[in-house]
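Engineer: the following block contains a protein sequence and its predicted model.
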Amino acid sequence: MNKALNDSFHFERAGLWLKNRAVLAPLTHNMSGAGGDPGQAELDWLVRCARGGFGLLIAAATQVQPGGRCWAGQPALMTDAQQQAFTTLATRVTQAGTLAVVQLHHGGVRALPELNEGAPVGPGEVAPGGRYPRGVRALTEEGILAVVEAFVRAAERAQAAGLHGVELHAAHNFLLCNFLNPLHNQRTDRWGGTLPNRARILVEIIRGIRASLPRAFLVGVRLSPESYAHIQGIELPHQLAVAHLLADEEIDYLHFSMGDSFKAVNGDPDGGSLLGAVQAGLAGRVPLMVAGSIRDATSAQLALAGGADLVAVGTAALGNPDWMTKVSRGLPLLQAPFTATRLEEVGFTASALGYLAGMGVLAPHDAA
């Protein structure tokens, strides 16, 4: 089937429709309060993106449990006040004809000790030193069950707020990814060892959400398809096997964070396409969303032609919150890196600009 960016998309099991296949990727902005209260500027920027034509918004990685914080300005969904902020967001986004989900997140081994009380937690213990100056504490059985409950409770808050679903962040070496990774997870209990055991924490979260909330509430999962940077242990065949376990749980979509949606598979001597391998490996069992190098109409359409059902726009949306409107009308897009003036125009604060400068998104002469 030929898929076009402007085509509507049906989440068949949930019975929900998107007006198009363009998704705002979950983007860290560093604009929320020190306690996780969503900042007004962050919420306003998301609404701007909804009005700019995206069919689906994924709000940035949002903390579900104390101890899992990774950014000073990271939002959270753990209190009534935080839930109320997301209620306001859901109302405004829905008025724009856009669906909204929130990405639920626990930092795991990447949680910053200075933003949390004590050392980070993970599947196994790591001695202090190097990348983990305070070490990593191994979660107990009780601790793992508390994590599962925290994710489910945050999903319940999201649904009560009027959001249309949640995305579970199991990519990028955060906690759920730590459990999936056989190099990080060498437990010998029911949470480690075999692939189904390593995926158990994720499956239990999904089952908890499904048991508690209506089927019309979307549940998506974000995965890394391969190892990247200094993170090792994530291999494509393993992640595709995880994907099939998740498809068995009737999730509504899989969001693969590709880095580059058009790259070759790592270590493939024949240079086979990563997107093609993911699409073939999923065999149509679950809708596929991809993020990475989706910059304009051409790249979006290329990803759809390559097997994606939905395309998530990240960096390009920072300076173009009206990305979908511009693309639909054939209007020119501003190109990254963006000037500080432009980012301020679309609503980013000083704290956000400082973070984005470190990410290479701010034009060099503005980052000084």
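Structural biologist: Received the coordinates, thanks. Numbering: from 1, shown residues only.
Engineer: I'd like the mean pLDDT over stretch 256-274, please.
Structural biologist: Mean pLDDT, stretch 256-274: 92.
Engineer: first-to-last residue distance for it?
Structural biologist: 11 Å (C-alpha to C-alpha, to the nearest Å).
Engineer: that one: how far from the chain's middle?
Structural biologist: Chain-centre distance of stretch 256-274: 20 Å, with C-alpha atoms, centre = their mean, to the nearest Å.
Engineer: again with stretch 101-113
Structural biologist: That offset, for stretch 101-113, works out to 10 Å (C-alpha atoms, centre = their mean).
Engineer: and that stretch, which residues are buried?
Structural biologist: Burial within stretch 101-113, assessed by neighbour count using 16 or more other C-beta atoms under 10 Å, is assigned to 101-111. For glycine as for every other residue, the C-beta is placed from the backbone atoms N, C-alpha and C.
Engineer: check stretch 283-297 too.
Structural biologist: 286-297.
Engineer: re earlier: got TSV for the buried residues of stretch 101-113, with distance to Val93 and secondary structure too?
Structural biologist: Shown next, in TSV, are the buried residues of stretch 101-113 (distance: C-beta to C-beta, whole Å; DSSP: H, G, I helix; E, B strand; the rest coil):
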residue	distance to Val93	secondary structure
Val101	10	strand
Val102	11	strand
Gln103	15	strand
Leu104	17	strand
His105	19	strand
His106	24	coil
Gly107	26	coil
Gly108	29	helix
Val109	33	helix
Arg110	28	helix
Ala111	29	coil
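Engineer: could you dump those residues into TSV with distance to Asp248 added?
Structural biologist: Output for these, formatted as TSV (distance: C-beta to C-beta, whole Å):
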residue	distance to Asp248
Val101	21
Val102	24
Gln103	22
Leu104	21
His105	24
His106	23
Gly107	27
Gly108	24
Val109	27
Arg110	28
Ala111	30
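Engineer: which of the buried residues of stretch 283-297 sits closest to Leu275?
Structural biologist: Val290 (6.4 Å; C-beta to C-beta).
Engineer: tell me the spacing between the closest one and Glu42.
Structural biologist: When distance is defined by C-beta to C-beta, to the nearest Å, Val290 is 24 Å away from Glu42.
Engineer: how about Asp270?
Structural biologist: The value you get for Asp270 to Glu42, if C-beta to C-beta is used, is 43 Å.
Engineer: and the two? Which one has more around it.
Structural biologist: Under the neighbour definition other C-beta atoms under 10 Å, Asp270 and Glu42 were set side by side, and Glu42 has more, 26 against 6.
Engineer: for the more buried one, give me its contacts.
Structural biologist: Neighbour list for Glu42: 29, 31-32, 60, 75 [criterion: C-beta atoms under 8 Å, 6 or more residues apart in numbering].
Engineer: ok, those vs Leu115, which is closest?
Structural biologist: Nearest to Leu115 among the contacts of Glu42: Ser32, at 12.2 Å, using C-beta to C-beta.
Engineer: I'd say that closest one and Gly39 touch.
Structural biologist: Yes - if you go by C-beta atoms under 8 Å, Ser32 and Gly39 touch, sitting 4.5 Å apart.
Engineer: joint contacts of these two?
Structural biologist: What both Ser32 and Gly39 touch, as defined by C-beta under 8 Å, 6+ apart, is the set 73, 75.
Engineer: which one of the two is surrounded by more residues?
Structural biologist: Of the pair Ser32 and Gly39, Ser32 is the one with more neighbours under other C-beta under 10 Å, namely 26 against 19.
Engineer: phi, psi for the more buried one please.
Structural biologist: Per-residue torsions, Ser32: phi -100, psi 170 (degrees, to the nearest 10).
Engineer: with Ala357 instead?
Structural biologist: Dihedral pair for Ala357: phi -60, psi -40, per degrees, to the nearest 10.
Engineer: tell me how far it lies from Val278.
Structural biologist: Ala357 is 32 Å from Val278, by C-beta to C-beta.
Engineer: ok, now Arg131?
Structural biologist: 29 Å.
Engineer: can you check Ser293 too?
Structural biologist: Per C-beta to C-beta, Ser293 is found 14 Å from Val278.
Engineer: same check on Leu223?
Structural biologist: Leu223 is 9 Å from Val278, by C-beta to C-beta.
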